[in-house]
Structure formats: structure tokens, C-alpha cells
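Trainee: got a sequence here, can you build the structure:
(4 chains)
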Number of protein chains: 2
Amino acid sequence: MIKEEILTIFEEKGIKPSYQRIKIFSYIAEKKKHPSVEEIYEGLHKKIPTLSKTTIYNTLKLFVSKKLLSEILIEEDGVRYDYLEKPHLHFKCKICGKIYDIYKKCSIINCKKIDGHKIEEHHIYLIGICKNCLNKNG
Amino acid sequence: MIKEEILTIFEEKGIKPSYQRIKIFSYIAEKKKHPSVEEIYEGLHKKIPTLSKTTIYNTLKLFVSKKLLSEILIEEDGVRYDYLEKPHLHFKCKICGKIYDIYKKCSIINCKKIDGHKIEEHHIYLIGICKNCLNKNG
DNA sequence: TTTCGTGCAAAGCATTTGCAAGTAG
DNA sequence: CTACTTGCAAATGCTTTGCACGAAA
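Mentor: This next block holds a predicted model:
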């Protein structure tokens, strides 16, 4: 994602574009990974040696509050972050630990009301063995 | 749930029935709530003043490993525990914080394979405003 | 006697807070 | 100048670990 795109997205959401914020957002959106705070830190502190975890925490909190990212709470190995481009599900492999995006339609995703409760967010987590690990082990 | 039922369930799962384990399981299964460690502690230490959080942690870990309970990771206010009776979804109200069980069919729940990945567990979390809070506030 | 469960105290670790210094407009 | 951002250090709080005592078989 080029810098201009990021600046546009930030402006739409009312986020002031600091160097750190651009790099952190870029890291999450570009890699299509679902990094933890630790991974973002490890991935960026070579380029930005002064980057602190506090700044990463602050920035992620800001992005989540502005609905730019969502938090993924899949199993207990900490919070992961996800760029909210299109609605999708998450699949986590219990062998390699990788998290995959799944773009499949599901009746629940379009559901706005259930048992009288108003639904505003859906988080669908699938856990199992990914195709790579299935091939390796069988 | 009567004590004999719990003893039968424990035996099936290979769990030795101590006084604390029975009380902790009973607390979770009976109330149909989704308590946190703190709530279990607060709820039981009147009756069992010596009960320690270490024992609660040990016990919950055991129950999860024996597939008697599952962990609910919905938003960030810590792990909640859920008795695995029938498959169901969870809805959390962002106003009152209550977690509801939802017994609705969903295509994802019956799905055993997706994009080549083998699915073994599903965790579906819905977040919004529950019917009680909708009535109070509108 | 031997194994297992319990629970206190201490340690571990991710996250948050306080605050001082730096930066941008 | 003024408001916001950054990042170090310390604090917080949940969870785990080490260990000794006690109960059960």
C-alpha cells in the first residue's frame, strides 16, 4: 500500500499521520499477517530503533477506536491485529499457529438481530489443521 | 445439577472428584453464567473460605484439557468459562456486559473443511446491545 | 507409603500509566 | 505558542510456578 493511500485512509478516520503510525499501519495492512504487538515491535525496530512498545500500544488502541483495525482474540496467545478491509472469518492452525483469512459467506454475518438482541459485530474463529500441515503430516 | 450427575460426568472424563472441583464445576454449570476466575472466586469463597485462586486456575485448566469446559475469549475483559453441553454461539452486550447463549443453526458450525483446512473447533462471538438494554434505552 | 490436590508466597509477563522531552503546525 | 506524540521507567494486575503441607487410596 502506497503512502498516499494510507494518508487518505488516516484522513477519513481523523488520524494524524505521524511517521510511527504510518509504519505500524503499513506493517499490518501490507503483510496481510495478523501480528501481535511483539511481532510488530520485532519487525519495525530495525528500521526505527527508537520505536517503543508504548507507542505501538497507543497506536493500536487509537486504530481500534477509529475502527481501522479489529482485535483478534483467538486462543490465548495474546491479541492479534487485523486490517478491516472486507468482512471475513479467521482460521487458526493449531499446529503451525498461522492465522488465515477466510472469505466465505455465512448467514450469521448478515444477521442484524438475534433472539431480540441487536448485533453490531461478529467475530468468527475456526480452529483446526491448515492444508499445509495436513499435507506435511499425512 | 445434582451431585450424582457431576460425579458421573467427572468419571466419564477421568477427573477425580475433590470437594473444590465439584463446587467449581457446579458453579459454572448450574448458574448458566459465564464466569471469570474472579467471579468464581467471589462466588465460592464465602462457602469455602480457604479456596485459593491457584486451585481455581488449576481446576479450570484441568476441565478445559478434559474438554469439559471451553474458554470464551470475547473482547478483552479476560477469559470466561463455558460448560460444553450443546454447541452454541455467544452474544455479548456492550452495555451491560452480559454474555448470552444463542442456540441458532449456522452453516459454519456444520462445516468440517474450508479452503482445504480441516476445522475442529468453532468459536462464534456476536457483540451488540441485548434486548434488555434496548428496552431500557429506547 | 506413595500419589495427588490444595493453597500460600513469589515470580513472570503483557499491558497501562505517569511524566518529561521532543515535534509539528 | 500550544497541543499532540513519543518513549522511558515504574506500576498494575492477571496468571503461573515453586514448594510444603495435608488428604486419600
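
Trainee: what about the lowest-mean-pLDDT helix or strand in chain A, near chain B?
Mentor: When the helices and strands of chain A are scored by mean pLDDT, DSSP states H and E, helix A:107-110 comes last with a mean of 83. Yes. Interface with chain B: helix A:107-110 contributes A:107, A:108 (CB under 8 Å from any CB of the partner chain). The C-beta positions use only the backbone N, C-alpha and C, and glycine is treated the same way.

Trainee: look up phi and psi at residue A:36.
Mentor: With angles defined as degrees, to the nearest 10, residue A:36 sits at phi -90, psi 170.

Trainee: give me the pLDDT value at the residue nearest to it when sequence neighbours are not counted.
Mentor: Nearest non-adjacent residue to residue A:36, counting by CB to CB, 6 or more residues apart in numbering or on different chains: residue A:78, 5.1 Å away. pLDDT, residue A:78: 85.

Trainee: mind checking how far residue A:38 is from residue A:53?
Mentor: According to CB to CB, to the nearest Å, residue A:38 stands 8 Å off from residue A:53.

Trainee: same question for residue A:130.
Mentor: 29 Å.

Trainee: neighbour-wise, which of the two wins?
Mentor: Neighbour count, other CB atoms under 10 Å in any protein chain shown: between residue A:130 and residue A:53, residue A:130 has more, with 22 against 12.

Trainee: these two touch, right, that one and residue A:96?
Mentor: Yes. Checked against CB atoms under 8 Å, the pair residue A:130 and residue A:96 is within contact range at 6.5 Å.

Trainee: and residue A:101, how many neighbours does it have?
Mentor: The burial count for residue A:101: 15, using other CB under 10 Å.

Trainee: neighbours around the residue nearest to it when sequence neighbours are not counted, how many?
Mentor: By the measure of CB to CB, 6+ apart, the closest residue to residue A:101 outside its immediate chain neighbours is residue A:88, 4.8 Å from it. Using other CB under 10 Å, residue A:88 is surrounded by 15 other residues.
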